[in-house]
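Engineer: Turn this into a model:
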Amino acid sequence: MSAVSPPPGHAAPPRRTFDEVAAAGKARDAWWTVVLVEATAIWLVRRLANHTPATPNQLTALSTMLTVASAGGLLEGGRLGLIAGALLFQLSFLVDCMDGRLARLTGTVTELGAWFDTMAGRARFMMCTSALLIGQYVRSEERTYLFLTGLVITCYAVVQITAGHTEQLPAGAGRARAVPHGPWRRLFARPVTEVEFGMVICVIVPQTGAYVPVIAVAAALLLIGELVAVGAAVRLRLRARPGRSPLPVAVTPSWYDGAVDRTFRD
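Structural biologist: Numbers count the residues shown, from 1 in each chain. Here you go, the predicted structure:
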């Protein structure tokens, strides 16, 4: 991949180092992202920033196209379709992890781009999970898949509602102390977030065929985590009132990861 030549009279843009690209990521993220996606995303973003004129919105558009292709494979429901759909879902998520990083790295963050990225992520979850389960219903005519579709949509709605609730918390309430460091600690403290929930449904379940037990367990873990996150948010809100002392570190368990992470992320 050759570097892009600057226009005449313009200096070449600075070459981005690995550390610069790594620092452009989110302060904390889901363990699936950190363990399985982040290293590849950093390598690709560095190559794009140093050798191409690619923009964050172009990456978001590419992620959306991959989402549509993934949904088509999952809807088809055959063995090859499920494998292709799962791979395309993961690839779409990888590209989605790159656009925001590239925007922060190059200083091109915009409200429109952030909205586009958010809508693309929501579309990926809703389109692909619904396509998978509805496709299985069409092939088998078992109503269980319709109930699973309703369960998945309900869980996703809960995630969006609780996220909006915690975003109203005041900043500066000790995020660094309250959130556990390291992906493996987050794995045990919060095994299923919105990210892992989508991966379980669209990547793992189609390959195992265990739709009911796997989705049910994942949904239960997701809802428990969200309820605990709301409890953490309410408690932090109360502690942040004037005249109240900060929340002690000793009573801030790692189960608060989700609420504090979404709340105090800059």
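Engineer: Now for this protein, the helix or strand with the poorest mean pLDDT.
Structural biologist: helix 175-178 (a mean of 33; mean pLDDT, DSSP states H and E).
Engineer: Low-confidence stretches in this structure?
Structural biologist: Residues of the chain that meet the criterion pLDDT under 70 lie in 1-13, 164-189, 240-266.
Engineer: how about the helices in it?
Structural biologist: Using DSSP state H, the helices assigned to the chain run over residues 18-23, 31-32, 38-51, 56-76, 79-106, 111-140, 144-166, 175-178, 183-189, 194-199, 205-208, 211-239, 257-264.
Engineer: mind giving me a markdown table with these and columns for mean neighbour count?
Structural biologist: The way it works is simple: take the backbone N, C-alpha and C, and place the C-beta from them, glycine included. As requested, the helices of the chain are exported to a markdown table (neighbours: other CB atoms under 10 Å):
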| stretch | mean neighbour count |
| --- | --- |
| helix 18-23 | 14 |
| helix 31-32 | 24 |
| helix 38-51 | 18 |
| helix 56-76 | 21 |
| helix 79-106 | 21 |
| helix 111-140 | 18 |
| helix 144-166 | 16 |
| helix 175-178 | 15 |
| helix 183-189 | 16 |
| helix 194-199 | 22 |
| helix 205-208 | 17 |
| helix 211-239 | 18 |
| helix 257-264 | 25 |
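Engineer: Please list all residues in contact with Phe147.
Structural biologist: Residues counted as contacts of Phe147 (CB atoms under 8 Å, 6 or more residues apart in numbering): none.
Engineer: and the gap between the nearest residue to Pro191 once chain neighbours are set aside and Val214?
Structural biologist: Spatially, and ignoring its direct neighbours in sequence, Pro191 is nearest to Leu221 (5.6 Å; CB to CB, 6 or more residues apart in numbering). Going from Leu221 to Val214 by CB to CB, to the nearest Å gives 11 Å.
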